[in-house]
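In: have a look; sequence and predicted model below, questions after that.
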Amino acid sequence: MNLILQFAMILAMILHLDGKSVRGIVGDRVQFPVNCPMNGTAELYLEDGTENPPRVAARRDGVCTPGDGFTDRLDLNSCFSFSRSLYTDSGLYESRCGGGGRDHIQLDVVVASESSVSEGEPVTIRCYYKTAGGGQVETLRWEKSGVMVLEVNLSTKEITNGTGFEGKRLSAAGATEGDFSLTWAQAQVQDEGDYFCSVRSQGVRRAWGDPAAARLKVIKKDLDPTTPCPPQNRTCGGRMETWITVSITAAVTSALWALCWFLVWWLKFRRPNVSPGPDGGRQLRDVKMGLLTNGNSAGPQTNGSSKV
């Protein structure tokens, strides 16, 4: 029985070389690529070297059932995914379909460094690996979203950049100091993401760098309203036109208020340029009294007769 078990483990390791690989950062969501028909049976097991490995999850006729120890982290909607990965989740898993199909899936949950830079600033994300006495490894590779960013041949020191990552380069220290940090001159918004550093032999990953991953955050720069607008920037141009309109309106309003106050002052304090004569005051009073007398119907009669 022990020989059968050992043979099974060796077979699993051989299949792993041609099997599927999943990687994630501690605390992130992890999805297992289980390709079984939805209307059939599918199971996922964690290989632990025993005859009865623990079952992670099972799906029968579209209904997902979590295994013991995975209830609080298993996403029942997709069934074969962890909503929150642990460092101890790393290992070899096996998916089994009802029709007899089996696949081995290697999961690596790694620790990542975290850094943030502003758009346009230089970037350096760290990775170290000791090449001397580290086994038969051929290359060190940086990847982002499963795409090669840069790869260096540890023997010839030849560096190959991936498509779209031509501006990326390695630290000048290199293999002499075990420093394989990735650097470039100016951060762009599209540079944001997770980068993984690993060493390989014959195209197969043999080990991770230290740290194995780097999570980069790029802070986008906003235009300063006082900064001249870039050419053909309609948004900024509209903002400038708005400020000009407001300034003109304020100036015209201030001018109108000043004119109104001046007119009020002029009407209030101006004096007629006429001097009353010696008897001008008396004549003016007589005119006023005459107007008052004629306008009073109950007043005394002026026809020359007296009332007895």
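Out: Structure's in. What do you need? Numbers count the residues shown, from 1 in each chain.
In: which regions of the stretch 201-308 of the chain lie under the pLDDT threshold?
Out: 223-243, 246, 266, 270-308 (pLDDT under 70).
In: what segments of the stretch 151-300 of the chain are strands?
Out: All strands of the stretch 151-300 of the chain, identified by DSSP state E, counting those that start in this stretch, fall at 159-161, 169-170, 182-184, 193-201, 204-219.
In: so what strands line up beside the shortest one?
Out: What that stands for is strand 169-170. Paired with strand 169-170 in the same sheet, following DSSP bridges, are strand 182-184 (antiparallel).
In: mind checking how far the partner strand is from the chain centre?
Out: With Cα atoms, centre = their mean, to the nearest Å as the basis, strand 182-184 stands 21 Å off its chain's centre.
In: repeat for stretch 105-118
Out: The answer for stretch 105-118 is 17 Å, by Cα atoms, centre = their mean.
In: repeat for stretch 178-195
Out: Distance, centroid of stretch 178-195 to centroid of chain: 17 Å (Cα atoms, centre = their mean).
In: please save the CA atoms from it in PDB.
Out: Taking C-alpha atoms only, stretch 178-195 is exported to PDB below (Å, rounded to 0.1, in the frame of the first residue of the first chain):
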ATOM      1  CA  GLY A 178      21.200  39.000  -5.400                       C
ATOM      2  CA  ASP A 179      19.200  42.100  -6.200                       C
ATOM      3  CA  PHE A 180      16.900  41.600  -9.100                       C
ATOM      4  CA  SER A 181      14.600  44.600  -8.400                       C
ATOM      5  CA  LEU A 182      12.600  46.000 -11.300                       C
ATOM      6  CA  THR A 183      13.000  49.700 -12.100                       C
ATOM      7  CA  TRP A 184      11.800  52.200 -14.700                       C
ATOM      8  CA  ALA A 185      11.900  55.900 -15.200                       C
ATOM      9  CA  GLN A 186       8.300  57.100 -15.100                       C
ATOM     10  CA  ALA A 187       5.200  55.500 -13.600                       C
ATOM     11  CA  GLN A 188       2.100  55.400 -15.800                       C
ATOM     12  CA  VAL A 189      -1.400  54.700 -14.700                       C
ATOM     13  CA  GLN A 190      -1.400  51.400 -16.600                       C
ATOM     14  CA  ASP A 191       1.700  50.200 -14.600                       C
ATOM     15  CA  GLU A 192      -0.600  49.700 -11.600                       C
ATOM     16  CA  GLY A 193      -1.000  46.100 -10.600                       C
ATOM     17  CA  ASP A 194       0.600  42.900  -9.100                       C
ATOM     18  CA  TYR A 195       4.100  41.900 -10.200                       C
END
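In: nice, that's everything, thank you.
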